[in-house]
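Enquirer: Return a 3D structure for these sequence lines:
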Amino acid sequence: MVKRAGGALLLSIEIDHGSARPVSTQLYMALRELMLSGAVAAGERLPATRTLAGDLGLSRTTVIHAFDRLIAEGLIESRVGAGTYVAAALGAERPQRPPEATRAAMIPREPRLSRAMGWAADRFGARPRLPHTPRPFITALPAFDAFPMAQWARLAAKHWRGARDDVMGYGEPCGHPLLRRAIAAHLRANRGIACEAQQIFVVGGAQQAFHLIGSLLLDPGDKVWFENPGAIGARNSLLAGGADLVPVPVDHEGLRVDEGLRRCRQFRLAFVTPSHQQPLGHVMSLERRFALLHAAERAGAWIIEDDYDGEFFFGRRPLPTLKSVDRTGLVIYVGTFSKSLFPALRLGFILAPPDLVETFARVSAAFVQGVPSTVQAVVAEFIEEGHFATHIRRMRRIYEERHAALCDAAATELAGLLDVVPAESGLHAISHLRPGISEIAATAAAEARRIVVSPIARFSIEPTEVNGLVLGFAGVRPPAIRAGVEALAAALQGLVRPRHAAAE
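Expert: Model prediction:
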């Protein structure tokens, strides 16, 4: 390396003044890379800050900021009266990346996962997550455009001006007391569930709830009844924890309890979405609910009820919860604010049966990091001031309008291609493809036209007889829904025409 009295000559450093990254950060990263790679050796003197600033055409303050960061990391050291030097510790022998051929012989190309995670990743990990920006027909996204942001911003600003201990501290591991009380009151009044605030445990979304329940109640290999097709997030959370999922088919009355008993009489846990089966939309009949409760009681099993969108019904009465008719004390109710408010909150809750309250309290105190207390406080006041109830009522009207727009457009544009089944609630509708059109091919053809649909296979542990698509309608307005239906119709027509041409 070229040397001079002022230290190493570092003219290879390039600064992009058009970059959004600060110049001092660019300089710091460039110097850091030179030292870690050995291009500037341990113990070598660096130029004075004034000299380096002149060489690179930067201000001396910029160079000082970069040097300060490197000193804080221990990569350089300043010696009074002698200058700044690369830390001697960098001269120690460090592990080097072996040649590619050697690496191939030494280690596998992919890290070894646990058995549970390895199996889950092989089965379901290759499927990409859905986009999270609204467009037809993404599922699970609420109407961002209709959210009352003004009220929310006012409450958020109020709480950020609150006492620093409340805003900046760890908060209660079981959940903010005000939010626990607000959730319990809402469930009593609107979902017909008798409960108390101490039964509510606030978590970072429904998937954390499923993971926590699985960690608490399941040993690796324990049998879990799971709806097939069923909820993707819950499936993946339980699989990652080592559960042995028993796929139980569903019909128009919900989970087939008789089939579950035939496949596995002794199970540890059952997962159901009784108010609005995910994804088929069926409501579990009262007879099936009682049969499931009896089966769980005989097996000594627990039941997870996922009420992911039960707030959004289109009829006159809300859809019933399983928890509201549970007299066994075996139902663990899970709710989320991802659909009723917005997903970025990462806020959900567990309603624990009486026998598990003390256990959940101990586990939450020991192992659960908790949700930011300010977020919880804002949601609590949003509920207490009546904004939540007003928002839910408004969303029901909006979703009913968007559901109607989907059904009307489908009846005109998709006749003979895709049969959309009218929904009674929720944010999506199920549809059946005409015979001969593969749901996988339909999904790919729709994606080519920037339309996102979900095949039933995406929700299935084992193949089902349903050949169809799940169409989310909540996140976009009626004009976009109608345009999406037209694009979907063109995509499906493109799959039909080649067969007709071949037949001719």
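Enquirer: who's in contact with the nearest residue to Ala491 once chain neighbours are set aside?
Expert: Nearest in space to Ala491, with sequence neighbours left out and distances taken as CB to CB, 6 or more residues apart in numbering, is Ala445 at 4.0 Å. Heads up, the C-betas are built off the backbone N, CA and C, glycines and all. By CB atoms under 8 Å, 6 or more residues apart in numbering, the contact list for Ala445 reads 491-492, 494-495.
Enquirer: closest to Leu141 among the residues you listed?
Expert: Ala491 (20.7 Å; CB to CB).
Enquirer: I'd like to know how many residues surround the closest one.
Expert: For Ala491, the neighbour count with other CB atoms under 10 Å is 21.
Enquirer: Are we agreed that it is in a strand?
Expert: No. Assessed with DSSP: H, G, I helix; E, B strand; the rest coil, Ala491 is helix; it does not lie in a strand.
Enquirer: That one: what's it in contact with?
Expert: Listed by CB under 8 Å, 6+ apart, the contact set of Ala491 reads 442, 445-446, 448-449, 451.
Enquirer: again, but for Lys323
Expert: Contact analysis of Lys323 by CB under 8 Å, 6+ apart lists 191, 193, 305, 307, 331, 333, 351.
Enquirer: Off-centre distance for stretch 307-315?
Expert: Put simply, stretch 307-315 sits 20 Å off its chain's centre (CA atoms, centre = their mean, to the nearest Å).
Enquirer: tell me the average confidence for stretch 312-330?
Expert: For stretch 312-330, mean pLDDT is 85.
Enquirer: Now do the end-to-end distance for it.
Expert: Terminal residues of stretch 312-330 lie 26 Å apart, using CA to CA, to the nearest Å.
Enquirer: List the buried residues of it.
Expert: Using 16 or more other CB atoms under 10 Å as the test for burial, stretch 312-330 gives 312-313, 318-326, 330.
Enquirer: Going along the chain, name the helices of the stretch 351-500 of the chain.
Expert: Assigned helices in the stretch 351-500 of the chain, in chain order: 357-367, 373-384, 387-413, 439-448, 478-503 (criterion: DSSP state H, counting those that start in this stretch).
Enquirer: Sketch out the strands for the stretch 51-200 of the chain, chain order is fine.
Expert: For the stretch 51-200 of the chain, the strands defined by DSSP state E, counting those that start in this stretch cover 76-79, 83-86, 200-203.
Enquirer: what's the pLDDT at the residue nearest to Ala491?
Expert: Confidence at Ala445, expressed as pLDDT, is 96.
Enquirer: Distance check, it against Leu347.
Expert: 36 Å (CB to CB, to the nearest Å).
Enquirer: average pLDDT for stretch 371-386?
Expert: pLDDT averaged over stretch 371-386 gives 94.
Enquirer: contacts for it?
Expert: By CB under 8 Å, 6+ apart, the residues outside stretch 371-386 that reach it are 151-152, 155-156, 158-160, 162, 166-167, 169-172, 175-176, 178-179, 181-183, 186, 202-204, 337, 341, 345-347, 388-389.
Enquirer: What's the ChimeraX syntax to select whichever of these are buried?
Expert: Command for ChimeraX that selects the buried part of the contacts of stretch 371-386, burial taken from 16+ other CB under 10 Å:
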select :151,152,155,156,159,171,172,175,176,178,179,181,182,183,186,202,203,204,337,341,345,346,347,388
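Enquirer: and Ser338, what is it in contact with?
Expert: Contact analysis of Ser338 by CB under 8 Å, 6+ apart lists 140, 142, 205-206, 308, 345-348.
Enquirer: Where is pLDDT lowest across those?
Expert: In terms of pLDDT, the lowest of the contacts of Ser338 is Ala140, showing 87.
Enquirer: correct me, but that residue touches Leu471?
Expert: No. Judged on CB atoms under 8 Å, Ala140 makes no contact with Leu471 at a distance of 12.0 Å.
Enquirer: When the two are compared, which one has more neighbours?
Expert: Leu471 (29 against 22).
Enquirer: per-residue pLDDT, the more buried one?
Expert: With respect to pLDDT, Leu471 scores 97.
Enquirer: what about it, distance to Ile138?
Expert: 9 Å.
Enquirer: One more: Arg477?
Expert: For Arg477, the distance to Ile138 equals 14 Å [CB to CB].
Enquirer: Neighbour count: these two, which is higher?
Expert: Ile138 (24 against 15).
Enquirer: hang on, isn't the more buried one packed against Gly472?
Expert: Yes. The criterion here is CB under 8 Å, and Ile138 meets it with Gly472 at 5.0 Å.
Enquirer: helix/strand/coil for Leu216?
Expert: When the rule is three-state DSSP, Leu216 gets the label helix.
Enquirer: The one 10 residues further on too?
Expert: At Phe226, secondary structure determined by three-state DSSP is strand.
Enquirer: and if you look at Leu239?
Expert: Look at Leu239: counting by three-state DSSP, its state is helix.
Enquirer: tell me the pLDDT at the nearest residue to Val250 once chain neighbours are set aside?
Expert: Excluding the flanking residues, the one nearest Val250 by CB to CB, 6+ apart is Glu227, at 5.3 Å. pLDDT recorded at Glu227 is 98.
Enquirer: residue contacts, Glu227?
Expert: Glu227 makes contacts with 248, 250, 255, 271-273, 277-278, as judged by CB under 8 Å, 6+ apart.
Enquirer: Distance to Phe210 for the helices of the stretch 351-500 of the chain - can I get that in CSV?
Expert: Shown next, in CSV, are the helices of the stretch 351-500 of the chain (distance: least, CB to CB, whole Å):
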stretch, distance to Phe210
helix 357-367, 14
helix 373-384, 20
helix 387-413, 24
helix 439-448, 26
helix 478-503, 31
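Enquirer: Please name whichever of those is nearest to Ser78.
Expert: Checking the helices of the stretch 351-500 of the chain against Ser78 by CB to CB gives helix 373-384 as the closest, at 40.9 Å.
Enquirer: Report the buried residues of that closest one.
Expert: If you call a residue buried by 16+ other CB under 10 Å, then helix 373-384 has these buried ones: 373-383.
Enquirer: Also stretch 355-363?
Expert: Buried residues in stretch 355-363 (16+ other CB under 10 Å): 356-357, 360-361, 363.
Enquirer: quick one: what helix or strand has Pro249 in it?
Expert: Take DSSP states H and E as the rule and Pro249 turns out to sit in strand 244-251.
Enquirer: Now do that strand, average pLDDT.
Expert: Per-residue scores along strand 244-251 average to 97.
Enquirer: Give the partner strands of the helix or strand following it in its sheet and their orientations.
Expert: Once the chain leaves strand 244-251, the next helix or strand it forms, by DSSP H and E, is strand 254-255. Pairing partners of strand 254-255, with direction, according to DSSP bridges: strand 244-251 (antiparallel).
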